[in-house]
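Peer 1: let's see this in three dimensions:
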Amino acid sequence: DNVYMPVGHPVAETVVSARHARAKSPKGGLDAKKPVKLVGLANTVHPKNFDRAGKVIPKAVFIGGNSRDAIMGGRGEFVPVYLSRVPRMIREGKIKVDKALVQVSKPDRWGFVTLGTTAATTVAAVDKAKMVIGEINPNMPRTNGATRIHISKLDAVVHSNKPIVGMPGPKVGDVEKAIAKHVVKLIPKNPTLQFGIGAIPDAVAGQLASAKRKDLKVFSEMISDGVMQLAKAGAIKGKVKYTFAMGSNKFVSWMHNNKKLKAYTTDVINDPAKIGKNKNMVAVNSAVRVDLNGQINAQYIKDSWYS
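Peer 2: As a prediction, this is how the structure comes out:
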């Protein structure tokens, strides 16, 4: 089977742990000749997605920390594609999804749950999958926007009360703060910001909050603790538009019923045509290497895929 898993916090922890136990057991019924392929973005919250016996392998559209070794070792597949195209490819069957495993918030009185911190490519997977398994967890934040789905879309349900696994932010040291001070000077008035993952984007967000800016808009694939810091400082105008969120437990709790936030899928937020309509668009990301000609490498280390 091709099994979809969302990026970040909405991992169906109970279901994934059971599958991992099956992969480890000789009597688990999983076979490396017909492995379970985990489809989607790399997941950084549950580190034990893949086993070295090749029974469970990644089929990733993004290489992350827990899929990198498997893919580089020939025990997985990488689909190089723009994330803005992934929802359409799922719906057209070019990226096959047989089952989708999602963790959702508890239903409201009308029977609607939310996909928590992630819309991204998950909405398309839920629509296309032959079977959707939902882990209902009251600790998953209720979010606004494209994450809202009706419980009738879930073919099977598992109930859980496990704490949501937070992702501690990267350490922001003196070097990152010094870089951020230079970056902030380059950000014009009334910008629309995109933040990547890492210490530099978080440091820039911290500097912007300290500068008491009140003119920022956010249109970002990912948001994390830095955006929370900006919002609490009153620096952000209008809605924070994003596709997925990953951050600390404090950040996840802050997202619950937060009307400042609105989730969209990647075919909206990652679409270059839509990005180009934003005024004063500024992208703040980390890189692996930059050469003297200004060419930026954010994918390879020593001729191997890194992200």
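
Peer 1: who are the packing partners of the longest strand belonging to the chain?
Peer 2: Taking DSSP state E as the criterion, the chain has its longest strand at strand 236-245. In terms of contacts (3 or more C-beta pairs under 8 Å, 6 or more residues apart in numbering; DSSP states H and E), strand 236-245 is packed against strand 216-223, helix 225-232, helix 249-255, strand 261-263, helix 266-269. No exception for glycine: its C-beta is placed from N, CA and C like everyone else's.

Peer 1: quick one: list the elements packing against the last one.
Peer 2: In this structure, helix 266-269 makes packing contacts with helix 86-91, strand 216-223, strand 236-245, judged by 3+ C-beta pairs under 8 Å, 6+ apart.

Peer 1: any buried residues in the longest strand of the chain, and which?
Peer 2: 236, 239-245 (16 or more other C-beta atoms under 10 Å).

Peer 1: with pLDDT added, can I get those residues in JSON lines?
Peer 2: Putting the buried residues of strand 236-245 into JSON lines (pLDDT from 0 to 100) gives the following:
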{"residue": "Ile236", "pLDDT": "97"}
{"residue": "Lys239", "pLDDT": "97"}
{"residue": "Val240", "pLDDT": "98"}
{"residue": "Lys241", "pLDDT": "98"}
{"residue": "Tyr242", "pLDDT": "97"}
{"residue": "Thr243", "pLDDT": "97"}
{"residue": "Phe244", "pLDDT": "95"}
{"residue": "Ala245", "pLDDT": "95"}
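
Peer 1: now those as a markdown table including distance to Lys189?
Peer 2: A markdown table is the format used below for these (distance: C-beta to C-beta, whole Å):
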| residue | distance to Lys189 |
| --- | --- |
| Ile236 | 14 |
| Lys239 | 20 |
| Val240 | 19 |
| Lys241 | 20 |
| Tyr242 | 22 |
| Thr243 | 26 |
| Phe244 | 28 |
| Ala245 | 27 |
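
Peer 1: out of these, who's nearest Lys171?
Peer 2: Minimum distance to Lys171 across those is 19.9 Å, recorded for Ala245 (C-beta to C-beta).

Peer 1: give the contact list for that closest one.
Peer 2: 8-9, 117-118, 222-224, 251-252, 255, 261 (C-beta atoms under 8 Å, 6 or more residues apart in numbering).

Peer 1: may I see the ChimeraX selection of the buried members of those residues?
Peer 2: Entered in ChimeraX, the line below selects the buried ones among those, by 16+ other C-beta under 10 Å:
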select :8,9,117,118,222,223,224,251,252,255,261
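
Peer 1: and which of the contacts of Ala245 is nearest Leu38?
Peer 2: Gly8 (14.2 Å).

Peer 1: my read is that the closest one contacts Phe244, right?
Peer 2: Yes - assessed by C-beta atoms under 8 Å, Gly8 is found in contact with Phe244 at 5.5 Å.

Peer 1: can you confirm Ala273 is in a helix?
Peer 2: Yes - counting by DSSP: H, G, I helix; E, B strand; the rest coil, Ala273 is located in a helix.

Peer 1: all helices in the chain, in order from the N-terminus.
Peer 2: Using DSSP state H, the helices found in the chain span residues 13-24, 68-72, 86-91, 122-128, 174-186, 199-210, 225-232, 249-255, 266-269, 272-275.

Peer 1: in TSV: these, plus distance to Leu38.
Peer 2: TSV is the format used below for the helices of the chain (distance: least, C-beta to C-beta, whole Å):
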stretch	distance to Leu38
helix 13-24	9
helix 68-72	10
helix 86-91	14
helix 122-128	12
helix 174-186	32
helix 199-210	27
helix 225-232	27
helix 249-255	22
helix 266-269	18
helix 272-275	28
